[in-house]
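Undergrad: what shape does this take:
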Amino acid sequence: MTAKELQRRIKDKHKVEVSYKRVYAGKELAHTRLFGSWDISFNNLYRFKAEFQRISPGSFVVIDHHIIAGQIRFNRLFFAMKPCIDGFLNGCRPYLTIDSTFLTGRFRGQLLS
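TA: Residues are numbered from 1 along each chain as shown. Next up, the predicted model:
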């Protein structure tokens, strides 16, 4: 739900005008309390990579990021499990398909798989 829609619902239900900035800040606070912060989630990617490679040696995990104003910003993630790689190389026909879905959260873009 967008902050604008949330602002409208608050006005309709409670008959109170709340500024857009306050609604947006409240929405962000609720999202952070429910799902954790974006920074912590990004840092968990490197823990995911280490655990993934420990559990399944030979698997690939590539985390692509760039630096903006001295801060690391996530760009994309690629991973391939070793059994899937072996199965593809040893028995699958040479066919590759890619599918994508649109990301509709805080960060816009597409997720390819």
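Undergrad: check whether the nearest residue to Lys82 once chain neighbours are set aside sits in a helix, strand or coil.
TA: Once flanking residues are discounted, Lys82 sits nearest to Gly58: 3.8 Å by Cβ to Cβ, 6 or more residues apart in numbering. In this view, the C-beta of every residue, glycine as well, is placed from N, C-alpha and C. Three-state assignment for Gly58 (DSSP: H, G, I helix; E, B strand; the rest coil): coil.
Undergrad: can you give me the neighbour number for Gly58?
TA: Applying other Cβ atoms under 10 Å, we find 11 residues neighbouring Gly58.
Undergrad: was I right to think it contacts Cys84?
TA: No. Using Cβ atoms under 8 Å, Gly58 is not in contact with Cys84, being 10.7 Å away.
Undergrad: how close does the residue nearest to Lys82 get to Ile98?
TA: Using Cβ to Cβ, to the nearest Å, one obtains 23 Å as the distance from Gly58 to Ile98.
Undergrad: ditto for Lys49
TA: 22 Å.
Undergrad: out of these two, which sits in the more crowded spot?
TA: Neighbours per residue, other Cβ under 10 Å: of Lys49 and Ile98, the larger number sits with Lys49, 17 against 6.
Undergrad: which strands and helices lie in contact with the strand or helix carrying that one?
TA: Using DSSP states H and E, Lys49 maps to helix 38-55. Packing contacts for helix 38-55, counted by 3 or more Cβ pairs under 8 Å, 6 or more residues apart in numbering; DSSP states H and E, involve strand 60-68, strand 71-80.
Undergrad: 10 Å instead?
TA: On a contact count with 3 or more Cβ pairs under 10 Å, 6 or more residues apart in numbering; DSSP states H and E, helix 38-55 meets helix 20-35, strand 60-68, strand 71-80.
Undergrad: low-confidence stretches in the protein?
TA: For the chain, applying pLDDT under 70 flags the ranges 94.
Undergrad: show me it divided up by domain.
TA: Residue ranges for the domains of the chain, per automatic domain parsing: 1-36, 37-113.
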